[in-house]
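**Student:** this one's structure only:
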């Protein structure tokens, strides 16, 4: 099982990453990926000029690695890729790429979905958005808690 | 909403397809994709030499298009991509690529998952595998029915 | 009125029937049973399986009440392969 | 024993505190309350919010019973931003 977890301070190319990930796992029949990119406009509709993610060195990457371990312990995967940007980005820039390789499609879907829910709501990143020349911090959303709660219910069921 | 549905008789490059798909949807924050490729070995463990998918021209592509319409009617998407190979393939060749672009991550995951379950079990493709020099037709699996049943339950719940 | 119908066999049926397609002469409007009776038993038998779906000129049709005319294409579609 | 502790402010706390980091002189082992008392009120107030997590030298620690020594790094982590 090959796991790659990286915290990147420079732009990355998701297509190239996915391509080498799928080539590295010839035994896996299925690959599920999630790519998050900086949106051209915020929920309110105004144009986004930039997005900045800050992290805290001693916690952020170790937290991502612990998440990867948790994902691997829950699903039978051939490979797992977790890449996350920090720093200043502009619309269209990739922020996060998660990919799971598995023999069984269902495992790959669940693993990528779980990883994203936890990356988004439990990883040590703080986000601010620049629109109309002003920076605004992005707060946690109620939806993040309901996304996480899905997995807690399924834990009870296991 | 841009939908692309293609039945391909020649190899395609999933990384290039995903790259142009994400560039085509700057308003979408999230992209979920599934890539299925020919596995290097079958479930039994012997090496796969080739995989052939046959289709029936008057039904196969129209069926894929109807599936795309169904997916669009169920989730709020910015874009949907469904590519499927037919013909003879070798291990490592991409067979199917589904990608969904959405503002909300959860919609993109559900749409790609639903599309795959239905493509795999309800699309007009017949598959045979060559191993040890002999071709063997691949039968429907019990798992396909349980995968589909998940969505029927959720229909009742809606 | 006479003519021919094109039978198309998909998936494993193409192997079982020895060919992907077969042109059959008709002596008029024919039912599915008429067509199966005009084929050798080892070929007709797998086609009679109710899990095999039928498409007439590219449209899925029920087995019951099927009428095939000269110039038609009738496809036999066994269960698809799945995941 | 005297020395200094490095305070690190993440997310909006960096804005609220006017800087991402601050070095504070200690006159010995200090509790969280000691540290907050040594800061101006507008700066101490957001740090006292129990939703702000603490990391001492890179390890998450509970607020209760926290003891900070010279040379330590204490980070204040507000809720992360989510999806």
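**Tutor:** Perfect, I can see it now. The structure presented is a predicted model; accordingly, all values stated were derived computationally and were not measured. Numbers count the residues shown, from 1 in each chain, chains lettered A, B, ... in the order given.

**Student:** where along the chain do the helices fall?
**Tutor:** Reading this off chain A. Ranges of helices within chain A are A:14-23, A:57-74, A:105-122, A:142-157, based on DSSP state H.

**Student:** wait, chain C
**Tutor:** Assigned by DSSP H, chain C shows helices spanning C:12-16, C:32-37, C:41-47.

**Student:** do the shortest one and chain B meet at all?
**Tutor:** Yes - with Cβ under 8 Å from any Cβ of the partner chain as the measure, helix C:12-16 is seen reaching chain B through C:12, C:14-15. The C-beta positions use only the backbone N, C-alpha and C, and glycine is treated the same way.

**Student:** Looking at the helices of chain C, which is nearest to chain A?
**Tutor:** helix C:12-16 (21.5 Å; Cβ to the nearest Cβ).

**Student:** Just list what that closest one packs against, helices and strands only.
**Tutor:** helix C:41-47 (3 or more Cβ pairs under 8 Å, 6 or more residues apart in numbering or on different chains; DSSP states H and E).

**Student:** Over the helix it packs on, what's the mean pLDDT, rounded is fine.
**Tutor:** Averaged over helix C:41-47, pLDDT sits at 90.

**Student:** which parts of it are buried?
**Tutor:** Within helix C:41-47, the residues scored as buried using 16 or more other Cβ atoms under 10 Å in any protein chain shown are C:43, C:46-47.

**Student:** by contact count, what packs against that helix?
**Tutor:** Contacts defined by 3+ Cβ pairs under 8 Å, 6+ apart place helix C:41-47 against helix C:12-16, helix C:32-37.

**Student:** Mean neighbour count, the ones you listed: which tops it?
**Tutor:** Ranked by mean neighbour count, the helices and strands packed on helix C:41-47 are led by helix C:12-16 with a mean of 18 (mean count of other Cβ atoms under 10 Å in any protein chain shown).

**Student:** how close does residue C:74 get to chain D?
**Tutor:** 52 Å (Cβ to the nearest Cβ, to the nearest Å).

**Student:** And residue A:79, by the same measure?
**Tutor:** Residue A:79 is 24 Å from chain D, by Cβ to the nearest Cβ.

**Student:** do residue A:49 as well
**Tutor:** Look at residue A:49 and chain D: by Cβ to the nearest Cβ, they are 17 Å apart.

**Student:** Run through the residues that contact the closest residue to residue C:38 other than its chain neighbours.
**Tutor:** Counting by Cβ to Cβ, 6 or more residues apart in numbering or on different chains, residue C:24 is the residue found nearest to residue C:38 once chain neighbours are left out, at 6.0 Å. Residues near residue C:24 by Cβ atoms under 8 Å, 6 or more residues apart in numbering or on different chains: C:4-7, C:35, C:38-39.

**Student:** Quick one: residues contacting the residue lying closest to residue A:67 once chain neighbours are set aside.
**Tutor:** Nearest residue to residue A:67 in three dimensions, chain neighbours excluded: residue A:118, at 5.3 Å (Cβ to Cβ, 6+ apart). Residues near residue A:118 by Cβ under 8 Å, 6+ apart: A:67, A:70, A:148, A:151.

**Student:** What subset of these is buried?
**Tutor:** Buried subset of the contacts of residue A:118 (neighbour count, 16+ other Cβ under 10 Å): A:67, A:148.

**Student:** of the contacts of residue A:118, closest to chain C?
**Tutor:** Among these, residue A:151 lies closest to chain C (Cβ to the nearest Cβ), at 24.4 Å.

**Student:** Quick check: pLDDT value at the closest one.
**Tutor:** We note a pLDDT of 82 for residue A:151 in this prediction.

**Student:** Now it. Nearest residue, chain neighbours left out?
**Tutor:** Distances taken as Cβ to Cβ, 6+ apart place residue A:114 nearest to residue A:151, at 5.9 Å, with adjacent residues excluded.

**Student:** before we move on, what about residue A:139?
**Tutor:** residue D:81 (6.9 Å).

**Student:** now swap in residue A:105 and tell me
**Tutor:** In this structure, residue A:105 finds its nearest non-sequential neighbour in residue A:30, 4.4 Å apart by Cβ to Cβ, 6+ apart.

**Student:** Counting neighbours, what do you get for that neighbour?
**Tutor:** Neighbour count for residue A:30, taken as other Cβ atoms under 10 Å in any protein chain shown: 26.

**Student:** Identify the residues contacting it.
**Tutor:** A:101-105, A:108, B:34-36.

**Student:** Repeat that for residue C:48.
**Tutor:** Contacts of residue C:48 by Cβ under 8 Å, 6+ apart are residue C:36.

**Student:** From residue C:32, how far out is it?
**Tutor:** Residue C:48 sits 9 Å away from residue C:32, taking Cβ to Cβ, to the nearest Å as the criterion.

**Student:** do residue A:101 as well
**Tutor:** Residue A:101 is 46 Å from residue C:32, by Cβ to Cβ.

**Student:** Tell me who's in contact with the residue lying closest to residue C:32 once chain neighbours are set aside.
**Tutor:** Using Cβ to Cβ, 6+ apart and skipping the chain neighbours, the partner closest in space to residue C:32 is residue C:66 (4.9 Å). Going by Cβ under 8 Å, 6+ apart, residue C:66 touches C:31-32, C:54, C:56.
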